[in-house]
Every structure is written in structure tokens, then in C-alpha cells.
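**Q** What would the 3D arrangement of this be:
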Amino acid sequence: TGVVPFVALLLLQRRPVAGRALLVTGSGCPGHGLCRSNVQEQTRRQVAVLNATAQELFSLYLKCQGEPFSSESDKLCNPAGIFFPAFRVNRTSERKEVMVAMYKLFAFLNASLGNITRDQEELNPTAKELLERLHNTTKTTRGLISNLTCLLCKNYNIFQVDVRYGDSSKGKSAFKKKQQGCQVLRKYVQVIGQAARVLLPHLSPS
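**A** Residues are numbered from 1 along each chain as shown. Model prediction:
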């Protein structure tokens, strides 16, 4: 797996750390000169793509896990028992606060997708469509994180955000791996729509 700019994705970390933004002053922010001229529009498109494809990814994931997940998804995929980054910002929140919350959300998601993809390559190696969708979602998420990193650096001089990650699924049973994946993806479906509604107005052309 790759490394998100400035923050290593600690896929195996079992004692998550609290998320907080580290503020810096002066010219210590690296890489902000690498922002593309259309970074805001690109970020808008990436969020829109993730929002548009989240439900399809979840549905395909359930189909590929077989029973009892196909028929008992409401019970087995209930995300109440798993950690997922709190998303308390709204359209009236400050733009900086929204960007930091987005970074924490998508960095967590990227790490979780790494776990889920690894497990599905092991458990469902012939599920080509699912694996392709997982890889494409991961690719889009990594591009989004790169753009959010750039915007945080360029606009607010924030060059590091500590992110809390969920438990790795390594060493768990096949059933638990499937369940953890469907819990994370169910929560992702619930949150990505809210994230899109909150973020997109902040990225509208001036």
C-alpha cells in the first residue's frame, strides 16, 4: 500500500491515536507549490464520484460475501460497534474545520479500504468486479487526500493531521473479516453523502 502525504497509514495499529490538526506558522508547509491550478474542481469531482459509487460498492460487497450477509445485512453490517471518525461539521462550519474533518475521514477510509481489499483478495480472489471497484475507490480516495493535503497546506499552513484508525482485521476469522468490511462500507455509505453536501459548497468557484 502507498503512503498518504505527511501521514503514514498505520494499517496494523490496534491502539488508535486521537485525531488532531497540528498547526504550523511561517514557510514550513512543504509541497503547497505543487497544487494544480484546478485542485478545487478536481476535489469536487472526486467527492462526487465517491458519493455516486458508494452504494453500488456496498451492494456488490454484500453480494460477493454470500449468506448470511446477503439476507441479514441490517443486523450483521450494523456499524454501531465499530470506530468511524466523527463527522460533526456542517455547511455553516468554517472552511478550515471542514477540510480537516474531511482529511480525517478520507485518510481513515483509505486505510480501511486497504484492509478490506487485502481480505477480499484472500477470501474472494475471483470476485474481479468487486476487487476492481475497491481498487478504483482507493485510487480516487488517495487522489482526494493528496488534494486535501495541498489545500490545507496552501490555504491554512496545516501540514500534518493526526488521524485515528480502526482495528486491523488481520488474524480475525473469515466471518469477522467479512463483517468488519460490511460494517465499514455501510457506515461509509451513510457518511459520504453528508460529506459531499457539506464539502461541495466550500469548494464552489468564487
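**Q** From now on I want contacts and neighbour counts done on CA atoms only, so please keep to that.
**A** Noted.
**Q** low-scoring pLDDT stretches of this protein, where are they?
**A** 1-34, 204-206 (pLDDT under 70).
**Q** Look up phi and psi at Phe87.
**A** Note on Phe87: backbone dihedrals following degrees, to the nearest 10 are phi -130, psi 90.
**Q** Lys172: neighbour count?
**A** Around Lys172 sit 11 other residues, with neighbours defined as other Cα atoms under 10 Å.
**Q** What strand or helix carries it?
**A** Using DSSP states H and E, Lys172 falls within no helix or strand.
**Q** Check Val198 too.
**A** With elements taken from DSSP H and E, the one containing Val198 is helix 174-202.
**Q** which other helices and strands contact that helix?
**A** Where contact means 3 or more Cα pairs under 8 Å, 6 or more residues apart in numbering; DSSP states H and E, helix 174-202 is packed against helix 39-65, helix 73-76, helix 95-123.
**Q** The shortest one packs against which elements?
**A** Counting contacts by 3+ Cα pairs under 8 Å, 6+ apart, helix 73-76 is packed against helix 174-202.
**Q** and the helix it packs on, which residues are buried?
**A** Applying a neighbour-count criterion of 16 or more other Cα atoms under 10 Å, one finds 177-189, 191-193, 195-196, 198-200, 202 buried in helix 174-202.
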